[in-house]
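>>> Okay, structure incoming, though there's no sequence with it:
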């Protein structure tokens with residue numbers, strides 16, 4: 001197929017997918033029968049809910065076949081591209097990674113972006129999705145006066161007890177440390193790494209580093225930890241097991257993922273149509289109502305029960321600390337080395 005024909009096909013897919021935003025729009029969806037694409041997500045509860053809210057409805061409306069796998073890291077994608085054998089078509093990955101590699105590792109997507117929130121639509125390759133916050137989650141039975149800010153994570157005198165943090169570098173810990181050390185939320189970036197490390201070191205005896213957020217969620221719910229920094233969705237899940245688990249959003253580091261098409265993907269037409277589908281507000285609401293992470297679109301809020309509302313980041317927009325993705329893309333490796341050294345001592 002020639003370049004002009006490819007562009008025409010993608011343009012028609014874009015127009016048709018807009019019709020999916022209405023309840024009666026399924027018949028107007030692009031005909032993708034006989035076509036397929038591979039979706040690579042982060043697994044767990046998130047991907048299960050993405051399957052129900054996004055992938056199954058999209059497949060039903062278009063006739064496309066969707067295969068699913070785990071999200072590869074940047075190095076794996078580059079290796080596949082060098083071998084000219086890219087194994088995924090739509091990948092969920094950190095927005096900072098797409099920002100830094102749009103037009104190279106990731107292909108620019110010719111889609112309608114009018115429903116995307118401009119604050120999060122920072123490149124022409126990805127669709128912003130799954131906005132989440134590293135909240136301070138805590139067991140309300142442990143404290144007479146509850147914490148009011150994520151900075152209280154470092155107040156071991158007022159809030160004693162074991163507190164869990166993920167051992168990965170980008171888990172909200174650095175920013176929280178600086179907030180606790182008195183830096184204003186608006187002045188967190190660029191991060192003063194030495195100051196952050198010093199603050200973390202001061203509370204090290206109370207910190208428990210844990211390999212996965214799933215383990216932190218379970219430990220918080222069963223009383224192993226009194227508080228933790230973890231994504232709001234994980235905190236909500238812990239509260240479903242233990243209703244005493246509450247969350248604080250004041251100063252919570254907030255970031256979001258992108259859905260993007262790797263350069264060299266084999267099923268660009270279907271992948272582009274799916275990106276258009278997820279760029280619609282109604283599509284993102286469908287996921288938020290099942291699994292209350294925030295959205296990368298603008299429009300009416302999702303319908304949530306009271307428990308979910310207490311863990312939904314979009315309800316606390318004025319309290320959030322939006323992460324500087326560029327700083328992290330430039331410094332993540334350095335931070336990882338420093339924290340690995342610190343926690344191994």
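Arrived safely. Everything numeric in this text was worked out from a predicted model, so none of it was measured. Numbers count the residues shown, from 1 in each chain.

>>> quick one: the helices in the stretch 151-300 of the chain?
Listed in chain order, the helices of the stretch 151-300 of the chain (DSSP state H, counting those that start in this stretch) span 173-180, 193-202, 213-221, 232-241, 268-278, 281-290.

>>> Just the buried positions in the second one, please.
Residues 196, 197, 199, 200 are the ones in helix 193-202 that count as buried (16 or more other C-beta atoms under 10 Å). In short, each C-beta sits where N, CA and C put it, glycine included.

>>> Three-state assignment for residue 137, please.
Of the three states, residue 137 takes strand under DSSP: H, G, I helix; E, B strand; the rest coil.

>>> How about residues contacting the lengthiest helix in the chain?
For the chain, the longest helix by residue count, based on DSSP state H, is helix 325-344. Here helix 325-344 makes contact (C-beta atoms under 8 Å, 6 or more residues apart in numbering) with 94-97, 99-100, 122, 167-170, 173-174, 189-191, 193, 197, 200-201, 204, 209, 255.

>>> what's around residue 102, how many residues?
If you count neighbours by other C-beta atoms under 10 Å, residue 102 ends up with 20.

>>> shouldn't it be in contact with residue 121?
No: applying C-beta atoms under 8 Å, one finds residue 102 not in contact with residue 121, separated by 11.8 Å.

>>> Domain boundaries for the protein, per the record?
3-130+256-290, 133-255+312-344 (automatic domain parsing).

>>> Now find how far off-centre stretch 196-215 is within its chain.
Centre-to-centre, stretch 196-215 and its host chain are 21 Å apart (C-alpha atoms, centre = their mean, to the nearest Å).

>>> Report the separation between the residue nearest to residue 211 when sequence neighbours are not counted and residue 229.
Excluding its sequence neighbours, the residue lying closest to residue 211 (C-beta to C-beta, 6 or more residues apart in numbering) is residue 167, at 5.7 Å. Using C-beta to C-beta, to the nearest Å, residue 167 is found at 12 Å from residue 229.

>>> Residue 279 is in contact with residue 112, correct?
Yes: with contact defined as C-beta under 8 Å, residue 112 reaches residue 279; the gap is 6.7 Å.

>>> who's more crowded, those two?
Neighbours per residue (other C-beta under 10 Å) separate residue 112 from residue 279, with residue 279 holding more: 28 against 13.

>>> which residues touch that one?
Per C-beta under 8 Å, 6+ apart, neighbours of residue 279: 111, 112, 113, 115, 116, 127, 297.

>>> Pretty sure residue 60 is one of the things residue 52 touches, is it not?
No: the pair residue 52 / residue 60 is not scored as a contact, 11.6 Å apart, by C-beta under 8 Å.

>>> any idea of the pLDDT on residue 2?
In this model, residue 2 is scored at 47, pLDDT.

>>> what do you get for residue 14?
46.

>>> what's the answer for residue 36, then?
98.

>>> pretty sure it contacts residue 66?
Yes: here residue 36 reaches residue 66: they are 7.0 Å apart, a contact under C-beta under 8 Å.

>>> rewinding a little: and residue 52 and residue 60? which has more neighbours close in?
residue 52 (14 against 11).

>>> Could you list the buried residues of stretch 98-118?
98-102, 105-107, 109, 111, 115-117.

>>> rewinding a little: check the contacts of helix 325-344 for burial and list the buried ones.
94-97, 99-100, 122, 167-170, 173-174, 189, 191, 197, 200, 209, 255.

>>> Looking at these, which are in strands?
Among the buried ones among the contacts of helix 325-344, the residues falling in strands (DSSP state E) are 94, 209, 255.

>>> Please convert those residues to JSON lines, extending it with pLDDT and distance to residue 70.
What follows is these, written out as JSON lines (pLDDT from 0 to 100; distance: C-beta to C-beta, whole Å):
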{"residue": "94", "pLDDT": "89", "distance to residue 70": "15"}
{"residue": "209", "pLDDT": "96", "distance to residue 70": "23"}
{"residue": "255", "pLDDT": "92", "distance to residue 70": "20"}
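
>>> what sits against the spatially closest residue to residue 312 that is not a sequence neighbour?
Using C-beta to C-beta, 6+ apart and skipping the chain neighbours, the partner closest in space to residue 312 is residue 292 (4.3 Å). Residues near residue 292 by C-beta under 8 Å, 6+ apart: 232, 233, 236, 302, 304, 308, 309, 311, 312.

>>> pretty sure residue 91 is in a strand, no?
Yes: counting by three-state DSSP, residue 91 falls inside a strand.

>>> Name the SS class of the nearest residue to it once chain neighbours are set aside, please.
Take residue 91 and drop its neighbours on the chain: the residue closest to it by C-beta to C-beta, 6+ apart is residue 40, 4.5 Å away. Following three-state DSSP, we place residue 40 in the strand state.
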